[in-house]
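*Asks:* Provided below are the primary sequence and the corresponding predicted coordinates.
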Amino acid sequence: PKSARRSLIIVNIALAALGLIFIIVGGVSLQYGSSFRKMLDNYCHEECEEQGCHALECSQEIPSCNCESSLTTVPTYFFTAPAAGLISVGVFSLVVSVVGCYSAIRVKAAWLCGYIIAVLLVLTLQFSFGVAAATVPNLDKLPSKMQDIFEKEYKEIDWMYFKDFFPEGCYATQTSYPLSGSVMHHPACLWDRTCDRKFPQCCDQDGRCAEEKPICKAPSTCIASLLSGVGTPVAVVSLLTLVLEIFAVSFACVIRRETRTGGVFDKSSQF
């Protein structure tokens, strides 16, 4: 029991450190997702200004943009929600670890019970956020509006503008629009990873996209790459630390049991 007490203190110090890591990793991922959202808004602003469009009616000519507000219509919450969740869990973990240390030092039954409940809640939230973040790169979970934009209108978006977020193959191909005089850089293949016959250099014998070539990518591959950069760090950090929290609950239960009558930490039996 006394070793469990020491172990609980050590585990909670580790959990406090992990809480800080959650906040840092969540902040970095949130910044990554927010930067892409800001880039989308800047892109829409420039495109609307170039087209001289400042109303909702003419916005249909510019995919993913609302020129009335000069903001993107892409549901960007999808890029930031996992990171925001991890930051929340990190803050909660810090508070719970302080409660855990106090409970282990003072050995109070009520505090230990509250701590066990709080850790179980953190564990549940953390597992939920970890699984949610792990499924972010799964394109089946994409909002339908986002998928429609990148599946049907991807050639009308200049992917070169977002080159800091995508691999080179996502903007290596270009299409010219003589009427507007614009040139759009975009992926060479179709959303379903079949090849576009207009770009035969990216077609393999089965009509699939030859994505092993650096210049050949499908829009879905590019979006999955972006979402992986947002969700994967959150998922890894969330799921790898669950073991520590399970140990914390186990140690707290051992200590709580020994606070009963006749237990090692039963203060009434010490007199």
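*Replies:* Yep, it's here.

*Asks:* What about the closest residue to residue 5 other than its chain neighbours, how many residues nearby?
*Replies:* Leaving out its chain neighbours, the residue that sits closest to residue 5 by CB to CB, 6 or more residues apart in numbering is residue 104, at 5.2 Å. Where you see a C-beta, it was placed from the backbone N, CA and C, and this is true even at glycine. Using other CB atoms under 10 Å, residue 104 has 25 neighbouring residues.

*Asks:* For residue 104, give its distance to residue 122.
*Replies:* To residue 122, residue 104 is 17 Å away according to CB to CB, to the nearest Å.

*Asks:* The protein: strands as residue ranges?
*Replies:* Under the criterion DSSP state E, the chain contains strands at 65-66, 71-72, 173-177, 182-186.

*Asks:* Give me the angle between the third one and strand 182-186.
*Replies:* Regarding strand 173-177 and strand 182-186, their directions subtend 150 degrees when assessed with axes from the mean of the first three to the mean of the last three CA atoms, to 10 degrees.

*Asks:* quick one, which of the strands of the chain is nearest to residue 225?
*Replies:* Smallest distance to residue 225 across those (CB to CB): 14.7 Å, for strand 182-186.

*Asks:* Now tell me what touches the closest one from outside.
*Replies:* The contact list for strand 182-186 (CB atoms under 8 Å, 6 or more residues apart in numbering) reads 154-160, 170-177, 219.

*Asks:* if we can go back for a sec, can I get the strands of the chain in JSON lines with distance to residue 115, mean neighbour count and mean pLDDT?
*Replies:* JSON lines is the format used below for the strands of the chain (distance: least, CB to CB, whole Å; neighbours: other CB atoms under 10 Å; pLDDT from 0 to 100):
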{"stretch": "strand 65-66", "distance to residue 115": "48", "mean neighbour count": "21", "mean pLDDT": "86"}
{"stretch": "strand 71-72", "distance to residue 115": "44", "mean neighbour count": "20", "mean pLDDT": "86"}
{"stretch": "strand 173-177", "distance to residue 115": "57", "mean neighbour count": "14", "mean pLDDT": "86"}
{"stretch": "strand 182-186", "distance to residue 115": "54", "mean neighbour count": "17", "mean pLDDT": "88"}
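
*Asks:* how about the ones you listed, which one is nearest residue 41?
*Replies:* Nearest to residue 41 among the strands of the chain is strand 71-72; the distance by CB to CB comes to 5.2 Å.

*Asks:* Residue 51 - how many residues pack around it?
*Replies:* Around residue 51 there are 16 residues (other CB under 10 Å).

*Asks:* now the one 4 residues further on
*Replies:* Counted by other CB under 10 Å, the residues lying close to residue 55 total 10.

*Asks:* contacting residues for the residue nearest to residue 5?
*Replies:* 5, 8, 9, 12, 251, 252, 255.

*Asks:* Please indicate which of the residues you listed are buried?
*Replies:* Using 16 or more other CB atoms under 10 Å as the burial test, the contacts of residue 104 include 5, 8, 9, 12, 251, 252, 255 as buried.
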